[in-house]
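K.L.:
Pasted the sequence and its predicted model underneath.
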Amino acid sequence: MSGSGISRATTGRLPEYLTYVKSLPRDIRFVSATAIAKGLELGEVQVRKDLSAVCGKGKPKIGYDRDVLLYSLETALDTRSGCEAVIVGAGKLGKALLGFGGFSDYGISIGKAFDIRNDEGSPDVLPIEELPSYCSLHQIGIGIICVPPDAAQEAADLLVKSGVRAIWCFAPVSLKLPETVKVQYENLALSLAHLHQKVKSIH
């Protein structure tokens, strides 16, 4: 089943399911949503709904074939083919994302960051001039923008020219992009403000 129709919340739980199913003894052929829910301390209804979106319904009183479920989870997370992303902007945020290992849970790796400043102390930070050739050689599909607002559009234009098909933008701007390029905006200040409002509502 394709992962394109899976909700963001469900996608966030898939690595837990995958890790749990992988941890089961090899002689266990079938696993039920009830067992997974109990093992992960999650609601059974939620687990059934999540697994149904990925692998359809399990067999009554038996559950899911372990190997089929593993394949479906790995396919939904795209861990088999993998995806490499690059970062434009090697400041504190860019380097933090570059060193974060959790992306691999979703079949994504971040190979390099690119910056206008020369950083000879880090082999994973390359001159921005090398971005197009690197993207072409490694067939990069995703670009991550971690530059100041006034440099974000220029970074996006360079990424598009370099062949990326999707952009994750941390700069608080609205980018002008071709319709064929997908964009996800991440406003950290807004997220923190929302959390602050939740805290205030408790009192």
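P.N.:
Right, received. Where do you want to start?
K.L.:
continuing past the longest strand anywhere in the chain, what's the next helix or strand?
P.N.:
Among the segments of the chain that qualify as a strand by DSSP state E, the longest is strand 108-115. Sequence order places strand 125-127 as the next helix or strand after strand 108-115, per DSSP states H and E.
K.L.:
Can you list the buried residues in that next one?
P.N.:
125, 126 (16 or more other Cβ atoms under 10 Å). For glycine as for every other residue, the C-beta is placed from the backbone atoms N, C-alpha and C.
K.L.:
Report the buried residues of whichever helix or strand comes after it.
P.N.:
Remark: after strand 125-127, the chain's next helix or strand is helix 131-138, criterion DSSP H and E. Neighbour counts using 16+ other Cβ under 10 Å place 131, 134, 135 of helix 131-138 among the buried residues.
K.L.:
quick one, what contacts the nearest residue to the first one once chain neighbours are set aside?
P.N.:
In space, and not counting its chain neighbours, residue 131 is closest to residue 114: 4.6 Å by Cβ to Cβ, 6 or more residues apart in numbering. The neighbours of residue 114, taking Cβ atoms under 8 Å, 6 or more residues apart in numbering as the test, are 86, 87, 88, 89, 90, 125, 126, 127, 128, 130, 131, 134.
K.L.:
Which member of those residues is positioned nearest residue 199?
P.N.:
Within the contacts of residue 114, distances to residue 199 taken as Cβ to Cβ reach their minimum at residue 89, with 30.4 Å.
K.L.:
wait, isn't that closest one in contact with residue 154?
P.N.:
No - in this structure residue 89 lies outside contact range of residue 154 using Cβ atoms under 8 Å: 11.1 Å.
K.L.:
Look at those two and report which has more neighbours.
P.N.:
Each of residue 89 and residue 154 has its neighbours counted (other Cβ atoms under 10 Å); residue 89 has more, 25 against 13.
K.L.:
mind checking pLDDT for residue 190?
P.N.:
Model confidence at residue 190, given as pLDDT, is 82.
K.L.:
So what touches the worst-scoring helix or strand of the chain on mean pLDDT?
P.N.:
The weakest-scoring helix or strand in the chain, judged by mean pLDDT, DSSP states H and E, is helix 188-202 (a mean of 83). Contacts to helix 188-202, defined as Cβ under 8 Å, 6+ apart, come from residues 170, 172.
K.L.:
No further questions, thank you.
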